[in-house]
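# I would like the atomic coordinates for the input below:
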Amino acid sequence: MPFIVRFRLSLMMFLEFFVWGSWYVTMGTFLGSNLKAQDQDISLAFSTQSFGAILAPFIVGLIADRYFQAQKILGFIHLLGAVLMYLLYSSENFAGFFPLLLIYMILFMPTLALVNSISFNQMKNPEKEFSVIRVWGTIGWVTAGFIISALAWDSQTGLAEGLLKNTWIMASIVSLGLGIYSFTLPSTPPRAKTAGEFKFSEVLGLDALALLKHKNYAIFFLSSILICIPLAFYYQNASPFLTEIGVENSTGKMAFGQVSEVLFMLALPIFFSRFGLKNTLIVAMLAWAIRYVLFAFGDADSGVWMLLVGIALHGVCYDFFFVSGQIYTDAHAGEKFKSSAQGLITLATYGVGMLIGFWAAGQISNYYQDATGVHFWKSIWMIPSGISILVLLFFISLFKKEKINTQP
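The predicted structure follows:
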């Protein structure tokens, strides 16, 4: 791949995940502090991601795979997203905030599949090339987190002054820039525009469901749904957890999870080639279980190292499962439905699995708290750890070792 193309795709990834990381990590804390939302409200807000992800395969299959160039759709969505981010910044209560967030996430979640599709379209060897580009998305997410902590928006003083709402205006500005930039990206033409009989299932991207006829991929798909139940606990509860137990600069510390993600992203091609897909996924799921145990027994004083190690394990959890899964999905997808196939795995992970997970996390967090709103975090974190172990055992038992072909 030419350097200039690699640079342009890397910048796309950086901006895509900077926008998301600008507000997503701290949303739970923002809702509780600025809008006085309850645990159930916070759970509902995070669930908007899942509703967007469930619709993503159909949106991408309808538009990107059949009619329009993916980079143009990406630009249009982010321009609309900039407007919605500003409106979220201006929201004064949860009732006004929630419908705007729902619309935004229905628009945003398909872009995760679109940036992958745009990237894969330029690659001859995704197994080696994709991680080098995708790592810049992680760097974008980290940069957003460090900016938030550097400006002290998430500090006790910042929370008291309501400064955390500035994350939304920051996301709005960067989304505007990405929207304009997207129109300059390499052309990614529609692939499914073929002659012949019109098929409604093809228009909606449902033909990508044919991937589930492959037994191994079906096991992987189901495991993706199940492992995202405990993952939702991390996204929804980690920031309020660290803030409640008194960890300073919690957003900056959580960004260390993405720093480790950069390191493990670079190590992924070596590990993937040497140990194979199954072992890579096993390591990821085991890391999930260990992380939640560390959260359960860590604290803000002598046990802070446990929290930091648990945060750092995010790199293993995310890279070894999600990025490997994207590569695996691309290898199984035919040339005709690459975009809708990436949308399908987005549905499994960010959609169905996390929708269940966010609901469960909200119910469990609400159950394990006292009358003053203080949570019993040890009990809360042990539940997703146990779920992770069960999913790991399911996967080990049924998924057969498979050598995948990532060549075009």
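# Going by C-alpha atoms from here, please, whenever you check contacts or count neighbours.
Will do.
# pLDDT of the strand or helix carrying residue 240, averaged?
Per DSSP states H and E: residue 240 is located in helix 215-244. Average pLDDT, helix 215-244: 90.
# Next, the angle from the following helix or strand past that helix to helix 215-244.
Next along the chain after helix 215-244, taking DSSP H and E as the criterion, comes helix 250-297. Here helix 250-297 runs at an angle of 100 degrees relative to helix 215-244 (axes from the mean of the first three to the mean of the last three Cα atoms, to 10 degrees).
# Residue 376 contacts residue 366, doesn't it?
No: judged on Cα atoms under 8 Å, residue 376 makes no contact with residue 366 at a distance of 9.9 Å.
# what's the neighbour count on residue 225?
23 (other Cα atoms under 10 Å).
# Report the contact partners of it.
Applying Cα atoms under 8 Å, 6 or more residues apart in numbering to residue 225 gives the contacts 348-349, 352-354.
# Look up how far residue 321 lies from residue 286.
11 Å (Cα to Cα, to the nearest Å).
# Which one of those two is surrounded by more residues?
residue 321 (21 against 18).
# that older thread, export the contacts of residue 225 to TSV and tack on secondary structure and neighbour count?
Converted to TSV, the contacts of residue 225 look like this (DSSP: H, G, I helix; E, B strand; the rest coil; neighbours: other Cα atoms under 10 Å):
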residue	secondary structure	neighbour count
348	helix	25
349	helix	27
352	helix	21
353	helix	25
354	helix	32
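# which among those gets closest to residue 227?
Nearest to residue 227 among these, counting by Cα to Cα, is residue 353 at 7.2 Å.
# what's the burial count for the closest residue to residue 34 other than its chain neighbours?
Of all residues not flanking residue 34 in the chain, residue 162 sits nearest, at 6.1 Å (Cα to Cα, 6 or more residues apart in numbering). Burial of residue 162, expressed as a neighbour count using other Cα under 10 Å, amounts to 16.
# what residues are up against residue 162?
Contacts of residue 162 (Cα under 8 Å, 6+ apart): 33-34, 153.
# what's the answer for residue 154, then?
26, 148, 163-164, 249-251.
# Just among those residues, which is most surrounded?
Counting neighbours by other Cα under 10 Å, residue 251 comes out on top of those with 27 neighbours.
# I'd assumed residue 143 was in contact with it.
No: using Cα under 8 Å, residue 251 is not in contact with residue 143; the gap is 10.8 Å.
# Please tell me how far residue 346 sits from residue 112.
In terms of Cα to Cα, residue 346 sits 8 Å off from residue 112.
# Which of the two has more residues huddled nearby?
Neighbours around residue 346 and residue 112, counted as other Cα under 10 Å, are more numerous at residue 346. The numbers are 28 against 18.
# is it true that residue 35 touches residue 89?
No: checked against Cα under 8 Å, the pair residue 35 and residue 89 is beyond contact range at 11.4 Å.
# and the helix or strand encompassing residue 31, what does it pack onto?
Taking DSSP H and E as the definition, one finds residue 31 inside helix 27-33. The contact analysis (3 or more Cα pairs under 8 Å, 6 or more residues apart in numbering; DSSP states H and E) places helix 27-33 against helix 39-63, helix 215-244.
# could you redo the last one with a cut-off of 6 Å?
Based on contacts counted as 3 or more Cα pairs under 6 Å, 6 or more residues apart in numbering; DSSP states H and E, there is no element that helix 27-33 packs against.
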